[in-house]
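Chemist: Test case, fold it:
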Amino acid sequence: MHINTITAFQFQKYTARLSIGKSAVLIIIIIALSVVACRDNIENISDRRSGNGNIVHARGFDIHEFENYRVLEVYNPWQGARDVLFNYILLQQGQELPAIIPEGKVIRTPVRSVICLSTTHVALLDFIDETGVITGISGSEFIYNPELREKIDSKELPDIGYDMNLDYERILTLDPDIILAYGVGAEAGAWLDRLRSLGMNVIMVGEYLESSPLAQTEWVKFIGHLFNKQDIVNEKFTKTESDYMELKRLASDVGNRPVVMSGLPWRENWFVPGGRSHFATLIDHAGGEYLWSGNTRRENFPVNIETVIEKGSAADFWINTGTATKKSEIESSDKRLVTLRPFHTDRVYNNNARLNRYGGNDYWESGIVNPQLILSDMIHILHPELLPDHKPVYYKKLGD
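Modeler: Got it, this is the predicted structure:
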């Protein structure tokens with residue numbers, strides 16, 4: 001989202017997703033109700049996963065289905081987490097608690113009321129037509145969804161605050177079945193203790209840490225289980241997956257793979273997506289070469305501006321330029337940036353084509369469930385001859 005008051009932790013969460021952009025506000029909170037076991041870090045979990053929930057791409061969660069209940073497991077749901085597992089035991093509304101079940105937080109399904117702490121949570125719910133259960137939102141001014149936008153403007157959907165300004169009294173009054181939350185780091189133990197004392201059912205969602213766009217989108221299966229909509233979700237996701245893979249194949253045989261750089265300086269730092277991030281994967285799938293592809297991190301990492309300028313001299317395209325809406329804004333941030341080749345060859349693009357009047361950026365909302373549209377945009381930018389009739393959805397070229 002287009003935002004100038006973004007906090008450092010908020011910025012990390014956004015830049016760990018599809019770009020370095022400062023243009024998204026998902027409200028920070030690192031919370032959960034029960035850490036019940038240990039697991040290897042997320043890169044190694046795939047070797048041990050034994051769920052039967054048809055999870056193909058995502059590595060941050062798994063699903064185990066049993067006769068009378070289901071278990072959702074969430075692994076290492078914040079940057080830097082290691083050996084962390086959250087268990088959620090799903091039972092039908094009104095069903096008697098089985099005599100023997102695993103340790104974990106019991107959640108009754110279908111869920112009937114939800115507080116969302118991230119715009120991506122809104123999109124995941126919208127994917128299964130369940131935005132009607134949202135009773136509270138964090139950072140409501142940045143919601144793009146038209147239906148929720150109307151409720152927010154008419155004061156029907158309250159904002160419960162964020163970070164140090166969470167409105168606990170309002171949360172208690174709303175009394176949601178669950179709170180969908182995410183974490184950027186492990187520094188917010190206070191939030192965990194406070195919400196535990198209030199008896200809140202907090203569910204961690206770590207989609208932003210996945211290493212590919214389809215893996216991020218696959219978290220709709222996680223959300224689907226909370227509403228007993230597994231079959232509907234699987235059908236819709238399969239269509240999205242098929243469309244994405246067809247586009248990936250289209251770009252797989254290109255002879256020229258242009259080099260792509262990303263980001264913009266922010267408070268004297270330049271954070272770039274890691275070489276194993278979903279952004280790096282997106283560029284690869286679109287027939288490009290990410291500037292930092294040799295890096296082995298999934299999360300963002302800081303690079304000094306001088307290094308970016310030196311390395312960026314080899315870039316052909318500049319994608320995701322933070323809050324910049326014009327090239328002149330890039331120049332005003334640091335005049336040295338005009339020397340970068342994408343700048344003077346007019347190949348600078350940002351993911352802010354869909355902004356509402358409040359600054360809400362739909363890229364950071366519905367983009368999570370539309371990886372095929374984002375990939376189409378990227379292929380059109382890097383290889384317009386492959387999709388000559390495509391009209392960009394989330395991206396636009398920056399003017400002077």
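Chemist: what's the weakest-modelled helix or strand in the chain?
Modeler: When the helices and strands of the chain are scored by mean pLDDT, DSSP states H and E, strand 35-37 comes last with a mean of 31.
Chemist: chain center to stretch 166-183: distance?
Modeler: Stretch 166-183 has its C-alpha centroid displaced from the chain centroid by 20 Å (Cα atoms, centre = their mean, to the nearest Å).
Chemist: no wait, stretch 267-278
Modeler: 15 Å.
Chemist: Now do L174: how many residues are near it, please.
Modeler: 16 (other Cβ atoms under 10 Å). For every residue, glycine as well, the C-beta is placed using N, CA and C.
Chemist: right, and it touches I134 too?
Modeler: No. L174 lies out of contact with I134 (Cβ atoms under 8 Å); the separation is 10.3 Å.
Chemist: Now the common contact residues for the two.
Modeler: Residues touching both L174 and I134 comprise I115, with contact defined as Cβ atoms under 8 Å, 6 or more residues apart in numbering.
Chemist: can you dump the C-alpha coordinates of stretch 233-252 into PDB?
Modeler: Coordinates of each C-alpha in stretch 233-252 appear next as PDB, following Å, rounded to 0.1, in the frame of the first residue of the first chain:
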ATOM      1  CA  VAL A 233     -10.700 -24.400  -2.500                       C
ATOM      2  CA  ASN A 234      -8.900 -27.300  -4.100                       C
ATOM      3  CA  GLU A 235     -10.900 -26.800  -7.300                       C
ATOM      4  CA  LYS A 236     -10.200 -23.100  -7.500                       C
ATOM      5  CA  PHE A 237      -6.600 -23.400  -6.600                       C
ATOM      6  CA  THR A 238      -6.100 -26.100  -9.300                       C
ATOM      7  CA  LYS A 239      -7.300 -23.700 -11.900                       C
ATOM      8  CA  THR A 240      -5.000 -20.900 -10.700                       C
ATOM      9  CA  GLU A 241      -2.100 -23.300 -10.600                       C
ATOM     10  CA  SER A 242      -2.800 -24.500 -14.100                       C
ATOM     11  CA  ASP A 243      -3.000 -21.000 -15.500                       C
ATOM     12  CA  TYR A 244       0.300 -20.100 -13.700                       C
ATOM     13  CA  MET A 245       2.100 -23.100 -14.900                       C
ATOM     14  CA  GLU A 246       1.000 -22.500 -18.500                       C
ATOM     15  CA  LEU A 247       2.500 -19.000 -18.300                       C
ATOM     16  CA  LYS A 248       5.700 -20.300 -16.800                       C
ATOM     17  CA  ARG A 249       6.100 -22.700 -19.700                       C
ATOM     18  CA  LEU A 250       5.500 -19.900 -22.100                       C
ATOM     19  CA  ALA A 251       8.400 -18.000 -20.700                       C
ATOM     20  CA  SER A 252      10.700 -21.000 -20.100                       C
END
